[in-house]
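**Q** Fold the following and give me the result.
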Amino acid sequence: MATATHSTSKKSAGARKTAAGKSTTSRGPDAVALLEADHRAVEKLFGQFEKARDEDRKKALADKICLELKVHMQVEEEIFYPTSRDYLEDEDIVDEAVVEHAAAKDLIAEIETMQPGEDLYDAKVTVLQEQIEHHVEEEESEYFPKLQKTDMDMKAVGAMLKARKAELMGQMGGAPGRAVQ
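**A** Numbering: from 1, shown residues only. Next up is the predicted model:
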C-alpha cells in the first residue's frame, strides 16, 4: 500500500503532517491521542466514583484514579513535557502544567492515606476531580493544539509514552483488581 502524504480519511484531529510533510496517521500511537485517552479514562472513573455508594467501591475507584493519574503525570513529566519544550516557543504553558501536577500529587498523597467515610475523603476526591478537569481543559484547548502545529514526532513520542506507561503500571501494581489496602 502506498503511503499518502495528504491522508485525512482517519480522524481529522489525528491526521496531521509534520514539517517534513510526513503523515502522522501511520501505525503507532500518537502522543496526544494517548494522553487524551488517559484523560477520558480518568473522567470515566471520576464519574463512577460520584455514583458509588459502597465504601469498598469508592476506595477501589479512588485508588484506581490515583494510580492512573500518577502514571499519567509521570510519563508527561519524564517524556512529554521535556520533549515538547524543544518545540514550543511558550514554555510557560509547560511550567503551568508541572505546577498543576504538583498540586494534584499533594492531594493524591492525602487521598491515598485515607479511607471512605473519613472526614473530607469525598471532598478531596471531588477537588482532585476539579483540578484535573481544569488541567485537562488547558492541555486539550491550548497546549496540545500549539504542539500539534510543530514538527515534533508525535508517533515517536507516543511510542515512548506507551512503553513507559506499561512499565510504570507494572511497577505500581496497575493490574486490574488491585487489592484495596
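**Q** Report the buried residues of the host helix or strand of residue 133.
**A** Secondary structure from DSSP states H and E places residue 133 in helix 121-138. Across helix 121-138, burial judged by 16 or more other CB atoms under 10 Å covers 121-122, 124-125, 127-129, 131-132, 135-136. All C-beta spots, glycine's among them, are computed from the backbone N, C-alpha and C.
**Q** Restrict the host helix or strand of residue 75 to CA atoms and write it as CSV.
**A** Taking DSSP H and E as the criterion, residue 75 maps to helix 55-75. What follows is helix 55-75, C-alpha atoms only, in CSV (Å, rounded to 0.1, in the frame of the first residue of the first chain):
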residue,chain,number,x,y,z
GLU,A,55,-17.2,2.4,50.7
ASP,A,56,-15.2,-0.6,49.2
ARG,A,57,-16.2,0.5,45.7
LYS,A,58,-15.3,4.1,46.5
LYS,A,59,-11.9,3.0,47.8
ALA,A,60,-11.2,0.9,44.8
LEU,A,61,-12.2,3.7,42.4
ALA,A,62,-10.2,6.3,44.3
ASP,A,63,-7.2,4.0,44.3
LYS,A,64,-7.5,3.4,40.5
ILE,A,65,-7.9,7.2,39.9
CYS,A,66,-4.8,7.9,41.9
LEU,A,67,-2.8,5.2,40.1
GLU,A,68,-3.9,6.3,36.7
LEU,A,69,-3.1,10.0,37.5
LYS,A,70,0.3,9.2,39.0
VAL,A,71,1.3,7.2,36.0
HIS,A,72,-0.1,9.7,33.5
MET,A,73,1.7,12.6,35.3
GLN,A,74,5.0,10.7,35.5
VAL,A,75,5.1,9.9,31.7
